[in-house]
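K.L.:
sequence first, then the predicted structure:
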Amino acid sequence: MMKNVSFALIQLSVSENLTENWTKTIQSIRDAAAKGAQVICLQELFKSIYFCYEENPRFFELAEAIPGPSTDELGELAKELNVVIVASLFEKRAAGLYHNTTAVIDADGSYLGKYRKMHIPDDPGYYEKYYFTPGDLGYQVYQTKFAKIGVLICWDQWYPEAARLTALKGAEVLVYPTAIGWDLEEKNGDINREQYQAWQTIQRSHAIANGIPVVSVNRVGIENGQQFWGGSFVSNAFGRVMYQAPHDQEEIAVLSVDVESSEYYRKTWPFFRDRRIDSYGNVVKRFVD
């Protein structure tokens with residue numbers, strides 16, 4: 001059995017001009033739909049620069065309610081174009097309480113729900129713990145018109161537990177909105193290549209281990225000491241890279257993804273069948289001393 005769904009990966013650069021960023025993204029969604037996209041995936045925090053490069057209270061002004069005006073406008077667009085939109089936003093939940101959140105909007109314009117990023121980094125240039133409270137909604141899967149989509153966000157990419165639990169909830173594909181790049185002060189081609197390959201390899205391993213495709217969408221361009229490395233890609237359900245975007249330019253790519261390929265791969269490579277769930281109790285411990 002095959003069920004091909006057209007996914008759009010919208011890899012953009014952004015500026016300090018919020019209106020410009022929004023207008024460019026909306027036009028990119030329209031362009032992707034014109035190319036036949038059914039599910040449109042946006043990069044992490046697409047409305048603004050990646051503000052977590054520093055701890056600055058003024059950036060809390062970027063946060064918004066979800067659902068709210070942005071999801072309302074995207075819902076109208078999704079309905080007009082008959083597309084699903086996966087949109088990463090900065091959520092204001094309450095005074096002093098914020099999340100890094102992705103909303104999923106169905107092709108009829110309805111708001112299906114949101115996933116709050118579970119794993120929050122805190123590293124030079126990525127001071128996310130200052131802004132984001134860890135997610136408390138658990139791992140989410142959404143039945144859209146075209147596919148059952150599991151959403152995870154950026155730093156979640158490095159955790160096989162997150163991918164596994166999302167797959168166990170029935171996801172047909174994993175989507176990762178992302179913002180990651182190279183430090184401009186660390187101009188070392190070998191290190192840069194190693195970092196990118198590690199990033200892509202870990203996500204391809206999630207595809208293999210769970211027998212589902214992965215769609216990963218990163219931003220591109222230079223912002224505040226970071227060169228965001230683009231390289232958005234699609235992996236099939238056995239880790240084969242079907243498409244990879246360039247590292248240095250914007251891209252609107254539309255790829256056909258077989259979202260029912262799990263049937264074949266899980267029969268041929270029955271990792272789910274052979275899981276020893278009785279032996280995994282210690283995985284909930286911080287460390288097994």
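P.N.:
Yep, that arrived. Since we're looking at a predicted model, the values are computed, not measured.

K.L.:
buried residues, stretch 254-265. List them.
P.N.:
Within stretch 254-265, the residues that qualify as buried by neighbour count (16 or more other Cβ atoms under 10 Å) are 254-255, 257-259, 261-262, 265. Just so you know, the C-beta spots here come from the backbone N, C-alpha and C atoms, and that holds for glycine as well.

K.L.:
residues making contact with that stretch?
P.N.:
For stretch 254-265, the external contacting residues (Cβ atoms under 8 Å, 6 or more residues apart in numbering) are 1-9, 32, 35-37, 146-148, 172-173, 211-213, 215, 234, 236-238, 242-243.

K.L.:
pLDDT of that stretch, averaged?
P.N.:
This predicted structure assigns stretch 254-265 an average pLDDT of 94.

K.L.:
which helix in the chain runs the most residues?
P.N.:
Scanning the chain for the longest helix, with DSSP state H as the assignment, gives helix 189-210.

K.L.:
list the buried residues for the top strand by length along the chain?
P.N.:
Longest strand in the chain by number of residues, with DSSP state E as the criterion: strand 84-94. For strand 84-94, the neighbour count (16+ other Cβ under 10 Å) marks 84-92 as buried.

K.L.:
give the pairing partners of the helix or strand following it; include direction for each.
P.N.:
Taking DSSP states H and E as the definition, the helix or strand that follows strand 84-94 towards the C-terminus is strand 97-105. Partner strands for strand 97-105, per DSSP bridges, with pairing direction: strand 84-94 (antiparallel), strand 111-116 (antiparallel).

K.L.:
indicate which one of the ones you listed is closest to Y127.
P.N.:
Using Cβ to Cβ as the criterion, the shortest distance between Y127 and the strands paired with strand 97-105 is 14.0 Å, found for strand 84-94.

K.L.:
quick one, helices of the protein?
P.N.:
In the chain, the segments counted as helices under DSSP H are 18-34, 69-81, 160-168, 189-210, 262-268.
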